[in-house]
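Asker: With the sequence up front, the predicted model follows.
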Number of protein chains: 2
Amino acid sequence: MSKFENYLQVVQHCDHVPYSSNGLTSQGELPLLLEDGAMVGTLLPPVTKALIDYNTTLVPAPFTFSDNGVKFNAHVQTMDQRTQVVSDLMTKWRLDKAFPALAGWRDELYAVYGSDGLPAFVMERAATPLFGVATFGVHLNVFTRDQGQIKMWVARRALTKPTWPGALDNCVAGGIPYTYSTKETVMKECDEEASIPESISQNAWNAGVVCYYTSTEHGLQPEYQYVYDLELPIDFQPTPKDGEVECFYLWDLEQVKQHMLKGEFKPNCALVAIDFMVRHGFITADNEPDYINISAHLHRKLEFPGPKKST
Amino acid sequence: MSKFENYLQVVQHCDHVPYSSNGLTSQGELPLLLEDGAMVGTLLPPVTKALIDYNTTLVPAPFTFSDNGVKFNAHVQTMDQRTQVVSDLMTKWRLDKAFPALAGWRDELYAVYGSDGLPAFVMERAATPLFGVATFGVHLNVFTRDQGQIKMWVARRALTKPTWPGALDNCVAGGIPYTYSTKETVMKECDEEASIPESISQNAWNAGVVCYYTSTEHGLQPEYQYVYDLELPIDFQPTPKDGEVECFYLWDLEQVKQHMLKGEFKPNCALVAIDFMVRHGFITADNEPDYINISAHLHRKLEFPGPKKST
């Protein structure tokens, strides 16, 4: 039994936040604004309410609210100050068990970029959905050629993962820790998740960026995934190392498609695999009726600033 | 002397129609609507005025105007009827020398798609900018590997071409004639423009679609270009055949970049070459500050329907 009838349904399952003219959905969310008016995130009503409550307990209040959105107050001017304010807030909410999202605290910092492309502040990864800020990761398609035919290494996520346990995943993926480049992140994760040594992972190349706007029970999640490809020698096999991956499969693209239509992939990983299938001529304008629409969902224009310098 | 400082300026030179919430620019254009309300094109004021004048000379009038846009009248119901109405109109305007765009008449039919993804009508290629309808083409990146390094075959357009004579172009490109598939179009153009035989051109693969919204003195031009890649053996050389191409150059990607920044490429061909550079890891998130913005310009979401079936 298939969960999805076609690739279009697969991409729409992930990139499911409706398009709008101002970047806002109709869920009554409040824009998180920087001093120059740039919108860097959105808060859903329960978060807005909790933030108003928190703000009134502090003097001077770190945030200021208006009809347009919520801003940092005038005395919170530098990246370090904004980072401290957000850290204090999220630590308090974590202790209070205010939002389930914070139960997944990772001690991993993500950058939130301003319209100048520089980090406006950094914040705990698990808290990003509460502020609805854009996040940035790398996903690596690992493939080999068997008598000319492309086969893809697909990971099954460990059953102990807090999110999407047991789901299918791209061979290697990870969030970009603050101060890492995308290539450094790929090489680090290649070693940790798949035992791929630097001598091989250095051959991975950046092949694009997949952008989509998804949401979970934790909040709105506009995401950018830098896509890398890595061709392995036919005799090299990725092996789990850090416990994030249960096992790896080597499948031809028709097999990948069948597992995808059954709904076995983590939704955003399916997008990355579809992008691979598009770039390598497996999904084509001649064999896929929704080709243009699928490409649009892989390259959603997000209304939140990204980095201008390498991440 | 460079015309452009960076890739972002190159892509913005082509994809230069401003984003808007309703798909309309601020040039006072009139939407061309189908019966179900789908907007399939836009008319700039001089075209609207000429169409109103033309419409009043015929009984029954083929078009009907409202504040929302212009539609075919109730008695123009089928694809054939719409095609005939547009053909009569453009033939009249061509004879009257009403618009310079029609001096480039090619006797080549382009399909205009409705929201069901089927052709609503077909019309002469040279007339498409007057109606601002979306057009569809194929562009082929032809490359080879010289000791592992990618080199790209770049075409110089014939000096006798009516548009962009002498400019640099992708190795092979062409509009998709009504009834042709994208792959058939690529193979036809490979033979005609570059003397690449079917035995080689059949290896070309569809690697994505580049979408942008440009305009010329003839009107607004939302365009979809299906991108193909073809790797040639190092000893095979494309050769001009039908007079469309002056000569071919074999350049490494750094050379392609330098000619591009000098403004030597036909603008949309530069986009296709940049998309190639992105997919093959020459332009990366780590070496290109505007990576995300460039990707967005290569994948503009256009508000006009495209084909749902293979073209």
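Answerer: Everything's here; your move.
Asker: what's near enough to touch A:His16?
Answerer: A:Tyr213, A:Thr214, A:Ser215 (Cβ atoms under 8 Å, 6 or more residues apart in numbering or on different chains). Where C-beta positions appear, they are placed from N, C-alpha and C, glycine not excepted.
Asker: Are any of those residues buried, and if so which?
Answerer: Applying 16 or more other Cβ atoms under 10 Å in any protein chain shown to these, the neighbour count classes A:Tyr213, A:Thr214, A:Ser215 as buried.
Asker: Helix, strand or coil: sort out the second one for me.
Answerer: Right, A:Thr214. At A:Thr214 the chain is in strand, as set by DSSP: H, G, I helix; E, B strand; the rest coil.
Asker: Tell me the bridge partners for it.
Answerer: A:Gln221 (DSSP bridges).
Asker: any idea how far it lies from chain B?
Answerer: 17 Å (Cβ to the nearest Cβ, to the nearest Å).
Asker: A:Thr78 now?
Answerer: 22 Å.
Asker: do the same with A:Met1
Answerer: Counting by Cβ to the nearest Cβ - A:Met1 and chain B are separated by 26 Å.
Asker: which residues touch the closest residue in space to that residue that isn't next to it in sequence?
Answerer: Closest residue in space to A:Met1, ignoring its immediate chain neighbours: A:Lys262 at 7.4 Å, by Cβ to Cβ, 6 or more residues apart in numbering or on different chains. Contacts for A:Lys262 (Cβ under 8 Å, 6+ apart) come out as A:Met1, A:Ser2, A:Lys3.
Asker: so which of those residues comes closest to B:Asp229?
Answerer: Distance to B:Asp229, by Cβ to Cβ, is smallest for A:Ser2 among those, at 30.8 Å.
Asker: how far away is the closest one from chain B?
Answerer: Note on A:Ser2: its distance to chain B, by Cβ to the nearest Cβ, is 20 Å.
Asker: got the end-to-end distance for stretch A:116-128?
Answerer: Its first and final residues considered, stretch A:116-128 spans 20 Å by Cα to Cα, to the nearest Å.
Asker: Now that we're looking at A:Lys309, what pLDDT does it have?
Answerer: In this prediction, A:Lys309 carries a pLDDT score of 60.
Asker: likewise A:Glu5?
Answerer: In this prediction A:Glu5 is given a pLDDT of 97.
Asker: give me the number of residues near it?
Answerer: 9 (other Cβ atoms under 10 Å in any protein chain shown).
Asker: is the helix or strand of chain A with the lowest mean pLDDT up against chain B anywhere?
Answerer: Using mean pLDDT, DSSP states H and E, strand A:172-175 stands out as the lowest-scoring helix or strand of chain A, at a mean of 93. No. On the criterion Cβ under 8 Å from any Cβ of the partner chain, strand A:172-175 is out of touch with chain B, staying 14.0 Å away.
Asker: Break chain A down into its structural domains.
Answerer: A:7-16+A:135-298, A:30-131 (automatic domain parsing).
Asker: Residues of the stretch 101-250 of chain A that sit close to chain B?
Answerer: Remark: the part of the stretch 101-250 of chain A in contact with chain B comprises A:117, A:181-183, A:205-209, A:211, A:224, A:226, A:229, using Cβ under 8 Å from any Cβ.
Asker: Out of those residues, name the ones that lie in strands.
Answerer: Judged by DSSP state E, those include A:Trp205, A:Asn206, A:Ala207, A:Gly208, A:Val209, A:Cys211, A:Tyr224, A:Tyr226, A:Asp229 as members of strands.
Asker: And for the first one, nearest residue in space, chain neighbours not counted?
Answerer: Put plainly, it is A:Trp205. B:Gly281 (2.9 Å).
Asker: Just give me the neighbour total for the one you found.
Answerer: B:Gly281: 19 surrounding residues under other Cβ under 10 Å.
Asker: which ones are touching it?
Answerer: A:Trp205, A:Asn206, A:Ala207, A:Asp229.
Asker: cool, A:Pro162 as well?
Answerer: Neighbour list for A:Pro162: A:Gly104 [criterion: Cβ under 8 Å, 6+ apart].
Asker: Just the pLDDT at it, thanks.
Answerer: Reported pLDDT for A:Pro162: 84.
Asker: How much space separates it from A:Pro267?
Answerer: 16 Å (Cβ to Cβ, to the nearest Å).
Asker: buried ones in stretch A:16-32?
Answerer: Those buried within stretch A:16-32 under the rule 16+ other Cβ under 10 Å are A:Val17, A:Gly23, A:Leu24, A:Thr25, A:Glu29, A:Leu30, A:Pro31, A:Leu32.
Asker: Just give the nearest non-adjacent residue to the residue nearest the centre of chain A, would you?
Answerer: The residue lying closest to the centre of chain A (Cα atoms, centre = their mean) is A:Glu223, at 4.3 Å. Using Cβ to Cβ, 6+ apart and skipping the chain neighbours, the partner closest in space to A:Glu223 is A:Thr135 (5.4 Å).
Asker: Please apply the same query to A:Leu102.
Answerer: Here the residue nearest A:Leu102, using Cβ to Cβ, 6+ apart, is A:Arg94, at 4.3 Å.
Asker: Doesn't that neighbour lie inside a helix?
Answerer: Yes. Secondary structure assignment places A:Arg94 in a helix (three-state DSSP).
Asker: Looking at it now. What's its pLDDT?
Answerer: At A:Arg94, pLDDT is 98.
Asker: Determine the number of other residues adjacent to it.
Answerer: 17.
Asker: ok, which stretches of chain A are helices?
Answerer: Secondary structure of chain A (DSSP state H): helices at A:7-14, A:45-56, A:79-95, A:128-131, A:182-194, A:198-201, A:253-261, A:267-279, A:291-298.
Asker: contacting residues for the closest residue to A:Tyr249 other than its chain neighbours?
Answerer: Nearest non-adjacent residue to A:Tyr249, counting by Cβ to Cβ, 6+ apart: A:Val154, 4.8 Å away. Applying Cβ under 8 Å, 6+ apart, we find A:Val154 in contact with A:Leu168, A:Asp169, A:Asn170, A:Cys171, A:Phe248, A:Tyr249, A:Leu250, A:Trp251, A:Val256, A:His259, A:Ala273.
Asker: Run through the stretch 1-150 of chain A and note the low-pLDDT ranges.
Answerer: For the stretch 1-150 of chain A, no stretch has pLDDT under 70.
Asker: Taking it, what residue is nearest to chain B?
Answerer: Residue nearest to chain B within the stretch 1-150 of chain A (Cβ to the nearest Cβ): A:Ser21, separated by 3.2 Å.
Asker: pretty sure that residue contacts B:Ser21?
Answerer: Yes. At 3.2 Å, A:Ser21 and B:Ser21 qualify as touching, with contact defined as Cβ atoms under 8 Å.
Asker: Now the common contact residues for those two.
Answerer: By Cβ under 8 Å, 6+ apart, A:Ser21 and B:Ser21 have no common neighbours.
Asker: okay, now the nearest residue to A:Val11 once chain neighbours are set aside: neighbour count?
Answerer: Among residues not flanking A:Val11 along the chain, A:His297 sits closest, at 3.9 Å (Cβ to Cβ, 6+ apart). A count of nearby residues for A:His297, using other Cβ under 10 Å, gives 24.
Asker: Does A:His297 touch A:His13 like I think?
Answerer: No. Counting by Cβ under 8 Å, A:His297 stays clear of A:His13, with 9.8 Å between them.
Asker: Go ahead and confirm A:Arg145 touches A:Pro233.
Answerer: No. Here A:Arg145 lies out of contact with A:Pro233, judged by Cβ under 8 Å, at a distance of 9.6 Å.
Asker: What residues does A:Asp275 make contact with?
Answerer: Contact analysis of A:Asp275 by Cβ under 8 Å, 6+ apart lists A:Gly208, A:Val210, A:Val227, A:Leu298.
Asker: which of the residues you listed lies closest to chain B?
Answerer: Closest to chain B out of the contacts of A:Asp275 is A:Gly208 (5.6 Å), distances taken as Cβ to the nearest Cβ.
Asker: quick one, what contacts that closest one?
Answerer: Counting by Cβ under 8 Å, 6+ apart, A:Gly208 makes contact with A:Tyr226, A:Val227, A:Asp275, A:Arg279, B:Val278, B:Arg279, B:Ser295.
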